[in-house]
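Peer 1: Generate a structure from the sequence data that follows.
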Amino acid sequence: MISSFVDYGFSLSSDLQQVREVRPLQRGYCHWLWKPAILCTVLGILMSGAHGADLNSTEPPATGTFASGHALWAGPYLGFEGGIAQTVTDVKASNRTEELSHVNAAFGIYGGYNWEVSRVVLGVEAAASYLGGTEKGGHPTLGPIEARASWTAAAKARAGLPIGNFMPYLSAGIAATEHSLTANGNEETSVSIGPVVGAGLEVAMKEKWRVRADYTLTGIIDDTSSFGGTDVDRRSGSQRFMLGISRSF
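Peer 2: Presented below is the predicted three-dimensional model:
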């Protein structure tokens, strides 16, 4: 099943009333919009400003290499990351909605390939992360409920603008995420495809080592299933802030 960001609060028309009624991040989706939007906007301004400064400078542009001539960003890389993840699931049945929110330690691996194109770095990246944890709650109609999203795997495109040894970047792609809901004594587990967007800052430390801070927002599932004869709508998404270290080859 393919989820869209429209289903996660990005619609400004049909879902406007719903967005107005949503509670804060730890109890809803509204902050899922402005946090990544502000982050992406700030990085976009920094990247545009740096690019303009390069165009106006009378000095020769930086080569983007170490003393040995090895390019800072071009080529393949592989890394490990760890941080925190929040998964939020809305469970709706009989016009009653209960929200389950869980924050847990997260870790994963990532790897990809970069190309230096003029002053821009373009790349592709694959990543797999453990989200972990089960959140339990109660629903007026369904009784005890449990929601879990254990893992996610993503394929993304990246675009960054190097500023010396620093590179702010934006990313976007698709992610496959496992999601499980237990209600009315039944468990429904599925792997769904949803959108993923992110932004971050990467720093080249030595010739082959880089560190980064990365924020990712993932749409997991928007589905209607029958649990013990009751139709249940479940909508879920996750956000992660991860610190990573990688090695280029």
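Peer 1: what bits of this structure have low per-residue confidence?
Peer 2: Low-confidence segments of the chain (pLDDT under 70): 1-71.
Peer 1: swap the cut-off to 90 and go again
Peer 2: 1-72, 94-96, 118-119, 132-134, 138, 140-142, 183-186, 188, 206-208, 223-230 (pLDDT under 90).
Peer 1: In the longest strand anywhere in it, which residues are buried?
Peer 2: Using DSSP state E to define each element, the chain has its longest strand at strand 96-117. Buried residues in strand 96-117, defined by neighbour count with 16 or more other C-beta atoms under 10 Å: 98-102, 104, 106, 108, 110-114, 116. Where C-beta positions appear, they are placed from N, C-alpha and C, glycine not excepted.
Peer 1: Same question for stretch 86-99.
Peer 2: For stretch 86-99, burial by neighbour count (16+ other C-beta under 10 Å) applies to 86, 87, 88, 89, 90, 91, 92, 93, 98, 99.
Peer 1: Okay, now the sheet partners of the longest strand of the chain, with direction.
Peer 2: Paired strands of strand 96-117, with direction, are strand 75-93 (antiparallel), strand 120-130 (antiparallel) (DSSP bridges).
Peer 1: Of all these, which one is nearest residue 148?
Peer 2: Residue 148 lies closest, by C-beta to C-beta, to one member of the strands paired with strand 96-117: strand 75-93, at 8.1 Å.
Peer 1: roughly how far out does that closest one sit from the chain middle?
Peer 2: When C-alpha coordinates are averaged (C-alpha atoms, centre = their mean, to the nearest Å), strand 75-93 and its chain have centres 6 Å apart.
Peer 1: For this protein, just list every one of the strands.
Peer 2: 75-93, 96-117, 120-130, 134-139, 143-148, 151-160, 166-183, 186-204, 209-227, 230-248.
Peer 1: before we move on, back to that, between the buried residues of stretch 86-99, which sits nearest residue 141?
Peer 2: Nearest to residue 141 among the buried residues of stretch 86-99: residue 93, at 4.8 Å, using C-beta to C-beta.
Peer 1: Next, work out how far apart residue 228 and residue 145 are.
Peer 2: From residue 228 over to residue 145 the distance is 12 Å, taken as C-beta to C-beta, to the nearest Å.
Peer 1: ok, now residue 128?
Peer 2: For residue 128 relative to residue 145 (C-beta to C-beta), the value is 27 Å.
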